[in-house]
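# fold the following for me, if possible:
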Amino acid sequence: MQSISLGDITIWRFNNLSQYSEVKHFVSTRTHGFSRPPYDSLNLAFHVGDDPSAVLRNRALLARSLDIPVSWFVVGEQVHGSAVYVASEDDRGRGATNHEDAVPGTDALVTSKPNICLMVLTADCVPVLIYDPQNHVAAAVHAGRKGTILGITRKTVDVMRREFGCRSEDLVVGIGPSIGPCCYRVGPDAVEEFRQALGSSDGLLKFDSSDGCALLNLWKANEKQLVEAGVHPDRIEKAQTCTHCHTDLFYSARGSGGTTGRFGTGICLTG
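Just a heads-up that it's a prediction; the model follows:
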């Protein structure tokens, strides 16, 4: 990934997605916004208790830096489920200026329409961007532990294939900053749930104690789903950046004790 200054803010971009001029994408940081502590400062989420006017100013700042209108954003409710929603022109602006009209019960968004900026909001969960340069289809996925267990990343690829005829081998993927395997410690129940859902836990769990707890690798778990869905490993770029270790740059729910903002990861077809 690369860090880029856009006007008043800094965003991160994936190297593999940056080669496509017909796509805009971003991973925002938490800096240079208008929100006050504990949401300081570029919080993009309305649902976390921040002042809505500050969130709207932050989104306007991001949109201006990307050279798009706020009304292009489409945001899901994000309920830690596995629902994948295909967004049309009629959905443009859903969740853009308030949380109430976000796409309900949705954690992954797919579109083939230009001028729709799909955005997911995270603070430790894994944001995933997917692009098919052959069919010009884009997706944004919110994949936390529960979503990963439910296979949301794999299901998003399935929707892209079924609805748009995408081929897995054509897909280009970016796995963004999230809590890393260095810091994501889970209990025995989560360990067992994860093992049952993903079959093999090789490389996904590192046991660090005798009480059944383990360190969980969500990056590798989502990469595994993508590869099993037919995506070539060389077309998957991972940020390898832990939000818990870098709370100066990104929001982390665990790193803050629970009350914090959300940074955004988004993708938009422009032509």
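
# any idea how far residue 188 is from the residue of the chain most remote from its centre?
Here the chain reaches farthest from its C-alpha mean at residue 210, the gap being 32.9 Å by C-alpha atoms, centre = their mean. According to C-beta to C-beta, to the nearest Å, residue 210 and residue 188 sit 11 Å apart. Where you see a C-beta, it was placed from the backbone N, CA and C, and this is true even at glycine.

# without its sequence neighbours, what residue ends up closest to residue 227?
residue 233 (5.7 Å; C-beta to C-beta, 6 or more residues apart in numbering).

# let me fix that: residue 60
Nearest residue to residue 60, sequence neighbours excluded (C-beta to C-beta, 6+ apart): residue 70, at 5.6 Å.

# backbone dihedrals for that neighbour, both of them.
phi -60, psi -30 (degrees, to the nearest 10).

# one more: residue 178?
phi -160, psi 180.

# mind listing what it touches?
Residues in contact with residue 178 (C-beta atoms under 8 Å, 6 or more residues apart in numbering) are 122, 124, 125, 126, 127, 218, 219, 239, 242, 243.

# so which elements touch the helix or strand encompassing residue 156?
Here residue 156 is covered by helix 152-164, with elements defined by DSSP states H and E. In terms of contacts (3 or more C-beta pairs under 8 Å, 6 or more residues apart in numbering; DSSP states H and E), helix 152-164 is packed against strand 84-86, strand 108-111, strand 126-132, strand 137-143, helix 218-228.

# same thing but 6 Å
Helices and strands touching helix 152-164, by 3 or more C-beta pairs under 6 Å, 6 or more residues apart in numbering; DSSP states H and E, are strand 84-86, strand 108-111, strand 137-143, helix 218-228.

# partners of the following helix or strand past that helix, with directions?
As assigned by DSSP H and E, the chain's next helix or strand after helix 152-164 is strand 172-175. Partner strands and pairing direction for strand 172-175 (DSSP bridges) are strand 126-132 (antiparallel), strand 236-238 (parallel).

# sketch out the low-pLDDT regions of this structure for me.
For the chain, the stretches with pLDDT under 70 are 200-201, 209.

# no further questions, thank you.
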